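Undergrad: Next come a sequence and a model predicted from it.
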2 protein chains.
Amino acid sequence: MEQSYNSVLLDSAVAELSKLPGIGHKTALRLALHLLRKEPEISYALGNSIIQMRRGVSYCPKCHNISEGGVCAICSDTHRDPTTVCVVENVKDVITIERTHEHHGLYHVLGGLISPLDGIAPSDLEIDSLVKRVDEDGIHEVILALSPTMEGDTTNFYIYRKLSDLPVKVTMLARGVSIGNELEYTDELTLGRSILNRTLFSANNVK
Amino acid sequence: MEQSYNSVLLDSAVAELSKLPGIGHKTALRLALHLLRKEPEISYALGNSIIQMRRGVSYCPKCHNISEGGVCAICSDTHRDPTTVCVVENVKDVITIERTHEHHGLYHVLGGLISPLDGIAPSDLEIDSLVKRVDEDGIHEVILALSPTMEGDTTNFYIYRKLSDLPVKVTMLARGVSIGNELEYTDELTLGRSILNRTLFSANNVK
């Protein structure tokens, strides 16, 4: 603890809050003093919700998304197509894709991307479990939904090779100009690729 | 709760975190997922420190600074000068002034500044208790250490008038050019005042 605010309890709360990413000592103090000004119930609810979340949330043994014990809500939803699996980097990307309402299959959370610079090897990620799942669960299509970055593409390519011996269709997110963006501000690489990979005009795609 | 992340516990922690000032829904989700990735002990320590702080920290009945029950550590420190009281806006300013190590007396926390625009009247602040304290506790000097803003000056003037009948010296923070700043970037009002209120040259002041 860096400095004393004349209260060990305040010092301790500030120290714990400043362990959060993006929250420095000054912000932590501001948050703590805010909580002291508000009704006690707000602090109790915040503290308890953090403790209960950490105690109760675990990871789905099948797709590695968050779950409250056992197989997650998505994997156990019988209305979803269990033969299509969307591969994502992390739990946040599951939430992002769910918001589009365009994916009706299941997920597989890798837990990161292959990145030699950051020391992340394929064995650190849930890739073997993906291959096993495709092999054993009768999956027809794997949608690679990783970020269009160098790490994402490296990981895409690695998974594609790992799955090449299995009877599964491997697809990836379409790449091209962003809807609603001025063409003038689209980067040259994306624009060039979207010319090369142009699609047949269809009224459905421009609605 | 705005949206479901497939976990009621996560939803609830995100909802509570996003009640904090300056923390929106996205940041709250990022913090919650960070806690889920780290060891459980970090979440337990954070949650418990917030609850314990809110339960244990109260306000000093004498100076209204934070305290852990009863009179605060500063008021009960017999090494400090009980005849000099520094008037500040809030608890944070006590910490700021303590860091300078230049004030050896006690404090009086107003809990805000007079601001008709924000609906803060003198009666909402700890001004009457200050006058009572000066009258009863044999205080020799009141240092007004409020922000040099319109609200601060209004409050300064109000307190000055309230204390005018009592045998107490009322002082205020020196105003002038900031140490270490280029003169070129000092605002004209401050620079003009610092010429009008110039002090005798002294080697102590320019060390």
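TA: Looks like it arrived, so ask away.
Undergrad: make it CA atoms for all contacts and neighbour counts henceforth
TA: Noted.
Undergrad: How many residues are close by residue A:202?
TA: Counted with other CA atoms under 10 Å in any protein chain shown, residues neighbouring residue A:202 total 8.
Undergrad: any idea what sits nearest whatever residue of chain A ends up closest to chain B, other than its immediate chain neighbours?
TA: Closest residue of chain A to chain B, CA to the nearest CA: residue A:47 (3.7 Å). Leaving aside its chain neighbours, residue A:47 sits nearest to residue B:47 (3.7 Å; criterion: CA to CA, 6 or more residues apart in numbering or on different chains).
Undergrad: State the pLDDT value of that neighbour.
TA: Residue B:47 is assigned 97 on the pLDDT scale.
Undergrad: show me what contacts it?
TA: Residue B:47 is in contact with A:46, A:47, A:48, A:49, A:50, A:51, counting by CA atoms under 8 Å, 6 or more residues apart in numbering or on different chains.
Undergrad: Quick check: phi and psi at the third one.
TA: Note on residue A:48: backbone dihedrals following degrees, to the nearest 10 are phi -70, psi -40.
Undergrad: give the contact list for it.
TA: Taking CA under 8 Å, 6+ apart, we find residue A:48 in contact with B:47, B:48, B:51.
Undergrad: I'd like to know how far residue A:173 sits from residue A:163.
TA: Relative to residue A:163, residue A:173 is positioned 17 Å away (CA to CA, to the nearest Å).
Undergrad: neighbour-wise, which of the two wins?
TA: residue A:163 (20 against 11).
Undergrad: State the distance from that one to residue A:129.
TA: Remark: distance between residue A:163 and residue A:129 (CA to CA) = 12 Å.
Undergrad: now do residue A:44
TA: Relative to residue A:129, and taking CA to CA, residue A:44 is found at 40 Å.
Undergrad: can you tell if the lengthiest strand in chain A touches chain B?
TA: Using DSSP state E, we find that the single longest strand of chain A is strand A:81-88. No: applying CA under 8 Å from any CA of the partner chain, one finds strand A:81-88 separated from chain B by no less than 15.4 Å.
Undergrad: Likewise for stretch A:122-129?
TA: No: Stretch A:122-129 does not reach chain B (CA under 8 Å from any CA); its nearest approach is 14.2 Å.
Undergrad: and that stretch, which residues are buried?
TA: Residues A:122, A:125, A:126, A:127, A:129 are the ones in stretch A:122-129 that count as buried (16 or more other CA atoms under 10 Å in any protein chain shown).
Undergrad: what does stretch A:75-83 give?
TA: Buried, per 16+ other CA under 10 Å, within stretch A:75-83: A:75, A:82.
Undergrad: Just the C-alphas of it, formatted as CSV.
TA: In CSV, the C-alpha atoms belonging to stretch A:75-83 read as follows (Å, rounded to 0.1, in the frame of the first residue of the first chain):
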residue,chain,number,x,y,z
CYS,A,75,-24.2,-25.8,-25.5
SER,A,76,-27.2,-27.1,-23.7
ASP,A,77,-29.7,-25.1,-25.8
THR,A,78,-31.5,-27.8,-27.9
HIS,A,79,-32.8,-25.1,-30.4
ARG,A,80,-29.2,-24.5,-31.6
ASP,A,81,-27.5,-26.4,-34.4
PRO,A,82,-24.9,-28.7,-32.8
THR,A,83,-23.2,-29.4,-36.2
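Undergrad: Show me what the longest strand of chain A is packed against.
TA: When contacts are defined as 3 or more CA pairs under 8 Å, 6 or more residues apart in numbering or on different chains; DSSP states H and E, strand A:81-88 sits against strand A:105-109, strand A:141-144.
Undergrad: so is residue A:79 in a helix, a strand, or just coil?
TA: Judged by DSSP: H, G, I helix; E, B strand; the rest coil, the three-state class of residue A:79 is coil.
Undergrad: actually residue A:13, sorry about that
TA: Under three-state DSSP, the three-state class of residue A:13 is helix.
Undergrad: ok, the closest residue to it other than its chain neighbours - contacts?
TA: Leaving out its chain neighbours, the residue that sits closest to residue A:13 by CA to CA, 6+ apart is residue B:49, at 4.9 Å. Residues counted as contacts of residue B:49 (CA under 8 Å, 6+ apart) are A:9, A:12, A:13, A:16, A:47.
Undergrad: do that again at 10 Å, thanks
TA: Shown in contact with residue B:49 (CA atoms under 10 Å, 6 or more residues apart in numbering or on different chains): A:9-17, A:43, A:47, B:43, B:55.
Undergrad: and those residues as TSV, adding distance to residue B:105?
TA: TSV is the format used below for those (distance: CA to CA, whole Å):
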residue	distance to residue B:105
A:9	24
A:10	22
A:11	23
A:12	26
A:13	27
A:14	26
A:15	28
A:16	31
A:17	31
A:43	33
A:47	36
B:43	39
B:55	28
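Undergrad: among the residues you listed, who's most crowded?
TA: Most neighbours among the contacts of residue B:49, by other CA under 10 Å: residue A:14, with 29 neighbours.
Undergrad: Could you check how far that one is from residue B:168?
TA: Distance of residue A:14 to residue B:168, computed by CA to CA: 37 Å.
Undergrad: ditto for residue A:149
TA: 69 Å.
Undergrad: Could you list the domains of chain A?
TA: A:8-56, A:79-172, A:176-207 (automatic domain parsing).
Undergrad: Tell me which of those is the most buried.
TA: Using mean count of other CA atoms under 10 Å in any protein chain shown, the stretch among those with the largest mean neighbour count is domain A:8-56, at a mean of 19.
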